[in-house]
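> What follows is a predicted protein model with its sequence.
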Protein chains: 2
Amino acid sequence: MAKFYGIGTGPGDSELLTMKAVHTLERLDVLYTPEAKKGGASLALKIVAPYLPERLTVKQRHFPMTYNKEEKEQAWERIAAEIKADVLAGKNAGFITLGDPMVYSTYSYLLELLRTEIETETIAGISSFSYMASRVGWPLVMDEESLAVIPVTSGEEALHQALTGFDTIVFMKAASNLPLVLQLLEQHHLLEQAVLVSDASMASEKITFGLNQLHDDEKLSYFSTIIVKKER
Amino acid sequence: MAKFYGIGTGPGDSELLTMKAVHTLERLDVLYTPEAKKGGASLALKIVAPYLPERLTVKQRHFPMTYNKEEKEQAWERIAAEIKADVLAGKNAGFITLGDPMVYSTYSYLLELLRTEIETETIAGISSFSYMASRVGWPLVMDEESLAVIPVTSGEEALHQALTGFDTIVFMKAASNLPLVLQLLEQHHLLEQAVLVSDASMASEKITFGLNQLHDDEKLSYFSTIIVKKER
């Protein structure tokens, strides 16, 4: 029976896909891929390129990056309807998403629209922060330690609480408000215990240990994440 | 140059290893594997069995599960010395660990002992909670949501704080104090918004949606994790 598969590509390196993701890609008839800007290249598509079967139909679809909720929802509903039609016609359809499909991914919305309509299966991927921890050799958590994962856009109080109550803190979307992160890390005396990774596992990857030298106006890549580990 | 590789096997299904993990296993000369009880079978070894090269030397080593810190540290130091000798003799040595090597793994201690002594590389794996989210179709985090990962052994106050301040909470080592988890979830009116997964991705996998029916004296597998998602 045909299915809709959500497939995590990992952070960027094609080697970081799971075997299951690769075997699923090989069985697809149609692959949907996000295209952040109309006409722009899909990073996720580049990551999975080595594994795509020859007879595959690739459908790049535009997911608007906008605060206009209605515009976003209309786009998702349009794409979900298209996927549903493909699966009901007997085609195995896939959707690829950077990192882990269950961690800050648009895929969640597609899944929500489709899970009661057709067969669905989600294939986990390596998240950016999981990769980063291995890359820099910082254990995320050991023994009784606790981990908080929080977007920088959550506001000062929430970020402060995370820094107070947890042993390891992952700041997602770090580029969206670097000055706030630097200010909080300074208050908590944790600038030295932080690592910033931009473009994790990609050719342009950049790693900065300790954020003392960083300035508020530093230009960061959109794919920038900060890990803070108190016990280092 | 020879290296020491820490390799995440994912939660249990051999298909959940990354391509990089598989390719690294194929290049190993020596594989160290944890053996929780002396003479007991290594679960991690079973997971990677399909990918092991023929001429590989497998060294099952005993990592004591004890609160005696000195006994543990002596065991790690002994194994680290053995690994170091292998790598200095030009052998590629690997250590396999369930899930993600940077998430609650003994590997962290080996890495700490070896990182300044020999070349090391860590290969990320799918953590139990990442797999679980995909398996049950619950997005861990979307948009501005925050995620807390915390062992049940952290104590009531820490667990209460996590339930108060975060959108999604992952309780690790759920089997170690199920009555406390059930009591807190009831207080927070979140019993229905929780899912329990035991033996994730293994043949014996068991999934329980909603914990209302669960009793304090329920016998849980050692590999039991609970995800709580407020917005469900």
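Happy to help now that I have it. In this text the structure is predicted, and so the values were computed from the model without any measurement. Numbering: from 1, shown residues only, chains lettered A, B, ... in the order given.
> What is the end-to-end distance of stretch A:31-44?
11 Å (CA to CA, to the nearest Å).
> how about the helices in chain A?
All helices of chain A, identified by DSSP state H, fall at A:19-26, A:43-48, A:69-88, A:107-114, A:128-136, A:156-165, A:178-187.
> closest to B:Leu190 out of those?
helix A:156-165 (18.3 Å; CB to CB). All C-beta spots, glycine's among them, are computed from the backbone N, C-alpha and C.
> Quick check: buried residues in that closest one?
A:Ala158, A:Leu159, A:Gln161, A:Ala162, A:Leu163, A:Gly165 (16 or more other CB atoms under 10 Å in any protein chain shown).
> residues in contact with the last one?
Under the criterion of CB atoms under 8 Å, 6 or more residues apart in numbering or on different chains, the neighbours of A:Gly165 are A:Ser146, A:Ala148, B:Ala158, B:Gln161, B:Ala162, B:Gly165.
> what's the spacing between the residue of chain A most remote from its centre and chain B?
Going by CA atoms, centre = their mean, the residue of chain A most distant from its centre is A:Ala89, 30.1 Å out. Separation of A:Ala89 from chain B (CB to the nearest CB, to the nearest Å): 23 Å.
> so what's the closest residue in space to A:Pro34 that isn't next to it in sequence up against?
The shortest distance from A:Pro34 to any non-neighbouring residue, by CB to CB, 6 or more residues apart in numbering or on different chains, is to A:Phe63 (4.9 Å). If a contact means CB under 8 Å, 6+ apart, then A:Phe63 has A:Pro34, A:Glu35, A:Ala36, A:Lys72, A:Ala75, A:Trp76, A:Ile79, A:Thr106 as its contacts.
> For burial, what's the neighbour tally of the residue nearest to the second one when sequence neighbours are not counted?
Once its chain neighbours are removed from consideration, A:Glu35 has its nearest residue in A:Gln60; the separation is 4.5 Å (CB to CB, 6+ apart). Counted by other CB atoms under 10 Å in any protein chain shown, the residues lying close to A:Gln60 total 15.
> ok, back up a step: among the contacts of A:Gly165, find me the one that's closest to A:Leu25.
Closest to A:Leu25, out of all of these and judged by CB to CB, is A:Ala148, at 32.9 Å.
> what angle separates the worst-scoring helix or strand of chain A on mean pLDDT from helix A:19-26?
Lowest by mean pLDDT, DSSP states H and E among the helices and strands of chain A is strand A:30-35, with a mean of 91. Here strand A:30-35 runs at an angle of 110 degrees relative to helix A:19-26 (axes from the mean of the first three to the mean of the last three CA atoms, to 10 degrees).
> now for strand A:30-35, which elements pack on it?
Counting contacts by 3 or more CB pairs under 8 Å, 6 or more residues apart in numbering or on different chains; DSSP states H and E, strand A:30-35 packs against helix A:43-48, strand A:57-62, helix A:69-88, strand A:93-97.
> Out of these, the one nearest A:Ala174 is which?
Comparing the helices and strands packed on strand A:30-35 by CB to CB, helix A:43-48 comes nearest, at 18.0 Å.
> count of neighbours near the spatially closest residue to A:Glu15 that is not a sequence neighbour?
Excluding the flanking residues, the one nearest A:Glu15 by CB to CB, 6+ apart is B:Lys20, at 3.9 Å. By other CB under 10 Å, 24 other residues sit near B:Lys20.
> Does B:Lys20 touch B:Glu121 like I think?
No - here B:Lys20 does not reach B:Glu121: they are 9.7 Å apart, not a contact under CB atoms under 8 Å.
> just to revisit the earlier point, which member of the buried residues of helix A:156-165 is positioned nearest A:Thr9?
Nearest to A:Thr9 among those, with distances taken as CB to CB, is A:Ala162, at 27.3 Å.
> That closest one and A:Leu113: what is the separation?
31 Å (CB to CB, to the nearest Å).
> Pop out the phi and psi values for the residue farthest from the centre of chain A.
When quoted as degrees, to the nearest 10, the phi and psi of A:Ala89 stand at phi -80, psi 10.
> The residue nearest to it when sequence neighbours are not counted: neighbour count?
Sequence neighbours aside, A:Ala2 is the residue nearest to A:Ala89 in space, at 7.8 Å (criterion: CB to CB, 6+ apart). Per other CB under 10 Å, the neighbour tally for A:Ala2 reads 15.
> residue contacts, A:Ala2?
Taking CB under 8 Å, 6+ apart, one finds A:Asp29, A:Asp86, A:Val87, A:Leu88, A:Ala89, A:Gly90, A:Lys91, A:Asn92, A:Ala93, A:Ile118, A:Glu119 in contact with A:Ala2.
> Which members of those are classed as buried?
Counted by 16+ other CB under 10 Å, those give A:Asp29, A:Asp86, A:Val87, A:Lys91, A:Asn92, A:Ala93, A:Ile118 as buried.
> Among the residues you listed, find me the one that's closest to chain B.
Relative to chain B, the closest of the buried ones among the contacts of A:Ala2 is A:Ile118; by CB to the nearest CB it sits at 12.8 Å.
> OK, contacts around the closest one?
Counting by CB under 8 Å, 6+ apart, the residues that A:Ile118 touches are A:Ala2, A:Lys3, A:Phe4, A:Ile83, A:Lys84, A:Val87, A:Leu88.
> next one: phi and psi at the closest residue to the second one other than its chain neighbours?
Translated: A:Lys3. Nearest non-adjacent residue to A:Lys3, counting by CB to CB, 6+ apart: A:Glu119, 4.3 Å away. Backbone dihedrals for A:Glu119, given as degrees, to the nearest 10, come out at phi -70, psi 130.
> Pull the contacting residues for A:Lys173.
A:Pro151, A:Val152, A:Thr153, A:Ser224.
> wait, I meant A:Trp76
A:Phe63, A:Thr106, A:Tyr109, A:Leu110, A:Leu113.
> I'd like the distance between it and chain B.
Taking CB to the nearest CB, one finds A:Trp76 at 12 Å from chain B.
> do A:Ile79 as well
Relative to chain B, and taking CB to the nearest CB, A:Ile79 is found at 17 Å.
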